[in-house]
Structures are given as C-alpha cells and as structure tokens.
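1. 3D model of this:
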Amino acid sequence: MNEQAVVEIILSNLIAFLLVIGAVIVIWKGVKIVPQSEIFVLERFGKFTRALRPGLNFIVPFLDAVAHRVSVLERQLEAWDISVITKDNVEVELETTVFYRVLDASRSVYRIRNVDRAIHTAATSIVRSAAGKLELDELQSSRESMNSEIEKNLQNAAEVWGIEITRTEIIDIKVDGQTREAQRHQLSAERERRASIARAEGEKRSVELSADARLYEAQREAEARITLADADAYTVKVAAEAEANQIRAVSAALQENGMPAANYEILKRQIGALGEVASSDNAKTVIMPTEISGVIGSLTTLLEALPREQTR
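-> Here you go, the predicted model:
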C-alpha cells in the first residue's frame, strides 16, 4: 500500500468522523426536551416563533434558538406593607402578598420586563383603592371580601402580561398605638352595650312570660266558672223537671181522688217533717204539738175514706 492510499483512507475516515460529529450536533440542536415545570420561548433570527411545551420538541437547527426558559410554577411575591387611608381617615398599614403563575410565556417576556415589579406596583394601587372605600372596622371584619375584590381587579391588570393571579392575601392590618387604644375602648363600650341589650331582652321576656302565665290562669279560672255555672244550671233544670213531674202526679191524683188525696199528701209531708226533726243529731229534746194526735187521727180517717172515694 503506497503513501497516497494511506492518505486517502485517513481522509475518508476523518470525513466520516466529521459527518458523525455533524449529525450529532444537528440532532442535539434540533431536539429539545422541555421539563414539566417550564416552557421554552423559541426565536428565529431574533423574532419570536413559538413556545415549546413540556416534552420532546423538534426545532430547526442553527436557525431556531431557545431565548427564554419560563417557569410555570405558582410564585409568591415577598410580603410588603402598603400605607392606606381608610374612609374614616385612619392611617393603617396592610401587609400584603400575591400568588400568581404564568399562563402565556411569550407575553410574560415580551410585554413586560419585570413581572414581579409590575405586579407589586399594580397590587399596591388596587389595595389602596379598595381599602379607601371602607372604614377601619369594616376593613378588619371584611378582609375576605376585600381579598376577592383585589384579586379580581389585579387579574384584569395582569391579563395583558399573560399572568394568572391565583390568590391575594391581606396578612395583617397594622395600626398605631393611639388607634389601638381607641379601638380597645370602643370594644369595651360595645360589649357593655350588648350586655345591656341582653339584660333588657331578658327582663322583657320575663315580663312577657309572667303576663302570659297570669292570662292563662285567668282563662282557666273563667273556664272553671263557666263549667260550674253550667253544672248548677243543669242541677236546677233537673230539680225543676222533677218538681214538675211531681206536680203533674199530684194534679193527676187530685183529679182522680179529689180533696182526700190532697189532704193525704199534706198530712204525709207533715209527718215526714216531724220524723226528720226527731232523727236529727242536734235535736236532744223534741216537743210534740198537742195537735199531733188530731193529725194522725185525720190521716186514719183519710185512709179509710180513700177506698170509698175510689169505689165511687
């Protein structure tokens, strides 16, 4: 093998090696693997072409270049204090923080230079505007609603940057010592007012219950009196009906037997009355009238006369 052949072999091997190296470089330049938490912004000759999503992507080697690597993870701004004048002219400081994430990587790098600084500035203005509509007490009690309002307004401002505001938080409301002391006195006065209202409500309820009890007692007593009156009326009615029946019986007897029957009834009642007087526990001595023998004799005469009257 001559020297020329050796040179040709070396040159051919070198060319093959260079081709392999070139192919590796082309593949390395043309294939991009994007992590799950990032998006690559691709440029061609300095102009935005497209955004590479997570996974395996192919680009044009030596023409396309990855200009920006943008994280899509949720981010949090460092908490900062915002000086605010409330509706009732009280100066407070609101410790605020913002959570956000990138939705459109191209707009986040081409529409704004410093996303964190832009969100910080916009949030400060929106928080001051929202807090200035509320009094200090409302600001402390309606923190959740104010967070929602700030998030909504900040989202409208950040949308042009391809940013999604996931959450805004008013971490703390800081007031000076004089305002804090005034709030403490106001809280004590409010507690005393509520206690007075509670006592008054209790006394009012006690009076209402007592009046209801007296009314119920009067109603029950009236019902009892009505019931007793009905019972007395029924008793009188029954007694009257019995008396009427007795009168009818006596009247019938008089119609049948005449005057002897009437005299018999009168004498029988007189004897019955004398018997009740004699049987009384309080009667120790009974004085009999002298006419009693005449009454008994008359009764005997009547008894003898009744059959004859009935046979006529």
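
2. Show me how the protein divides into domains.
-> With domains defined by automatic domain parsing, the chain comprises 3-71, 75-175, 258-311.

3. Residue ranges in the stretch 101-250 of the chain under the pLDDT threshold?
-> 178-180, 182-183, 250 (pLDDT under 70).

4. And the helices in the stretch 1-150 of the chain, which stretches?
-> Taking DSSP state H, counting those that start in this stretch as the criterion, the stretch 1-150 of the chain carries its helices at 3-30, 105-110, 115-131, 136-141, 143-158.

5. Show me the one of the ones you listed that comes nearest I197.
-> Of all the helices of the stretch 1-150 of the chain, it is helix 136-141 that lies closest to I197, at 18.5 Å by C-beta to C-beta. The C-beta positions use only the backbone N, C-alpha and C, and glycine is treated the same way.

6. Show me which positions of the closest one end up buried.
-> L136, E138, L139 (16 or more other C-beta atoms under 10 Å).

7. of those residues, closest to S145?
-> E138 (9.4 Å).

8. And that closest one, how far from K152?
-> 18 Å (C-beta to C-beta, to the nearest Å).

9. got it, and K133?
-> Relative to K152, and taking C-beta to C-beta, K133 is found at 14 Å.

10. give me every residue that touches I27.
-> I27 makes no contacts at all, as judged by C-beta atoms under 8 Å, 6 or more residues apart in numbering.

11. can you tell me how far it sits from L42?
-> I27 is 17 Å from L42, by C-beta to C-beta.

12. go on, N147?
-> Taking C-beta to C-beta, one finds N147 at 37 Å from L42.

13. And the two? Which one has more around it.
-> Using other C-beta atoms under 10 Å as the criterion, N147 and L42 rank with L42 on top: 20 against 17.

14. What pLDDT does the model give the closest residue to the more buried one other than its chain neighbours?
-> Distances taken as C-beta to C-beta, 6 or more residues apart in numbering place T49 nearest to L42, at 4.7 Å, with adjacent residues excluded. For T49, the pLDDT comes out at 91.

15. ok, now N282?
-> 56.

16. Check the one 10 residues further on too.
-> According to the prediction, I292 has pLDDT 51.

17. right, and Q140 touches I173 too?
-> Yes: contact criterion C-beta atoms under 8 Å: Q140 and I173 qualify, at 5.9 Å.

18. Now do whichever helix in the chain runs longest: which elements does it pack against?
-> Criterion DSSP state H: the longest helix present in the chain is helix 177-257. Judged by 3 or more C-beta pairs under 8 Å, 6 or more residues apart in numbering; DSSP states H and E, the packing partners of helix 177-257 are helix 259-279, helix 292-311.

19. For those, which has the smallest mean pLDDT value?
-> Looking at the helices and strands packed on helix 177-257, the bottom one is helix 292-311 with a mean of 51.

20. thinking again about what came up before, just say which of the domains of the chain is most tucked in.
-> When those are scored by mean count of other C-beta atoms under 10 Å, the highest mean neighbour count falls to domain 75-175 (a mean of 17).

21. Off-centre distance for stretch 19-26?
-> 73 Å (C-alpha atoms, centre = their mean, to the nearest Å).

22. What are the contacting residues of it?
-> P61.

23. Going forward, the N-terminal residue is numbered 15.
-> Yep, numbering from 15; the last one is stretch 33-40 now.

24. For it, list the C-alpha coordinates in PDB.
-> Extracted in PDB, the C-alpha atoms of stretch 33-40 (Å, rounded to 0.1, in the frame of the first residue of the first chain):
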ATOM      1  CA  LEU A  33     -20.100  13.700   9.400                       C
ATOM      2  CA  VAL A  34     -20.900  11.700  12.500                       C
ATOM      3  CA  ILE A  35     -20.000  14.700  14.700                       C
ATOM      4  CA  GLY A  36     -22.000  17.000  12.500                       C
ATOM      5  CA  ALA A  37     -25.000  14.600  12.700                       C
ATOM      6  CA  VAL A  38     -24.800  14.500  16.500                       C
ATOM      7  CA  ILE A  39     -24.600  18.300  16.600                       C
ATOM      8  CA  VAL A  40     -27.600  18.600  14.300                       C
END
